[in-house]
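Asker: sequence unavailable; structure follows:
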């Protein structure tokens, strides 16, 4: 496959965003940030989409992160803004890690709600080794999602970890054989399809708010009480009662 910019494809109710620079380990070029942000907006605005899948082309590397040669003078707010947009995507997001993950791509994956990896993959965060103090949003995600102990090990030693350790520390939700990756993704999509779309949106927003330390008790309760009054809850409860 010829190296190309990230692509967005729609199949039914699923949007798939694919990194496509296989010969360069699916690196993220500076100009890709605007491309990815645009794809995210198009996916969020498309009617009927239930989930977004983020993956890489090829069978070796999900992504090697931001282009090394651009870190000195082109690692600006574009990359952080794109990651924040992915983290705030209103629908459930699934990162299908088709291979190993390095550098800023580890944070790209952490922005997703679910991460499924493949056996034989590895993880490396080399920021401290190249003299880069990581940006605030990335540090926040590492500590919030993985915990302080894991974040310290990954940032302060620069040691690579392998598939089982990625699963153990919570970077991965599931670890599967490479041939089973898309079947595992489909299981998550099927679970998402079984849920009420409006509730998924409000609960994802509230979960992210709580994780960020912004506790809005009134807002959370308003979402809860609105769901109690909703036609969706009534119809789903009636359907369950009819089966009993």
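Answerer: Good, I have the coordinates. Every value quoted in this text rests on a predicted model; they were computed, and no experiment measured them. Numbering: from 1, shown residues only.
Asker: rest of the way, CA atoms for contacts and neighbours
Answerer: Fine.
Asker: and residue 154, how far from residue 132?
Answerer: Using C-alpha to C-alpha, to the nearest Å, residue 154 is found at 14 Å from residue 132.
Asker: comparing the two, which shows the higher neighbour count?
Answerer: Taking neighbours as other C-alpha atoms under 10 Å, residue 154 and residue 132 compare with residue 154 leading, 20 against 11.
Asker: host element of the more buried one?
Answerer: helix 148-157 (DSSP states H and E).
Asker: can you list the strands that whichever helix or strand comes after that helix pairs with?
Answerer: Past helix 148-157, further along toward the C-terminus, the next helix or strand under DSSP H and E is strand 161-162. Partners of strand 161-162 in the sheet, by DSSP bridges, are strand 122-124 (antiparallel).
Asker: need the contact partners of the strand it pairs with.
Answerer: Around strand 122-124, the neighbours that count as contacts under C-alpha atoms under 8 Å, 6 or more residues apart in numbering are 99-103, 106, 154, 158-163, 166.
Asker: how about stretch 2-15?
Answerer: 16-24, 32, 35-36, 39, 43, 48-53.
Asker: end-to-end on it?
Answerer: Start-to-end, stretch 2-15 (C-alpha to C-alpha) is 22 Å.
Asker: next one: stretch 13-30
Answerer: Stretch 13-30: ends 29 Å apart by C-alpha to C-alpha.
Asker: stretch 89-100 now?
Answerer: Stretch 89-100: ends 24 Å apart by C-alpha to C-alpha.
Asker: for stretch 63-81, same thing?
Answerer: Across stretch 63-81, first to last residue, C-alpha to C-alpha, it's 18 Å.
Asker: quick one: the helices in this protein, in order.
Answerer: 32-45, 71-74, 77-87, 104-110, 136-141, 148-157, 163-168, 181-193, 197-211, 217-228, 231-243 (DSSP state H).
Asker: please tabulate the ones you listed in a markdown table, including the columns distance to residue 3.
Answerer: Output for the helices of the chain, formatted as a markdown table (distance: least, C-alpha to C-alpha, whole Å):
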| stretch | distance to residue 3 |
| --- | --- |
| helix 32-45 | 12 |
| helix 71-74 | 20 |
| helix 77-87 | 20 |
| helix 104-110 | 17 |
| helix 136-141 | 27 |
| helix 148-157 | 30 |
| helix 163-168 | 27 |
| helix 181-193 | 22 |
| helix 197-211 | 34 |
| helix 217-228 | 44 |
| helix 231-243 | 45 |
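Asker: tell me which of those sits most buried.
Answerer: helix 104-110 (a mean of 23; mean count of other C-alpha atoms under 10 Å).
Asker: what comes into contact with that one?
Answerer: 63-66, 83, 86, 95, 115, 123-125, 138, 141-142, 145, 171.
Asker: outside of the helix holding residue 154, which residues touch it?
Answerer: So helix 148-157 is contacted by 124-128, 139, 142-143, 159-160, 169 (C-alpha under 8 Å, 6+ apart).
Asker: by mean pLDDT, point me to the weakest helix or strand of the chain.
Answerer: helix 71-74 (a mean of 62; mean pLDDT, DSSP states H and E).
Asker: most neighbours among the contacts of helix 104-110, which one is it?
Answerer: residue 63 (30 neighbours).
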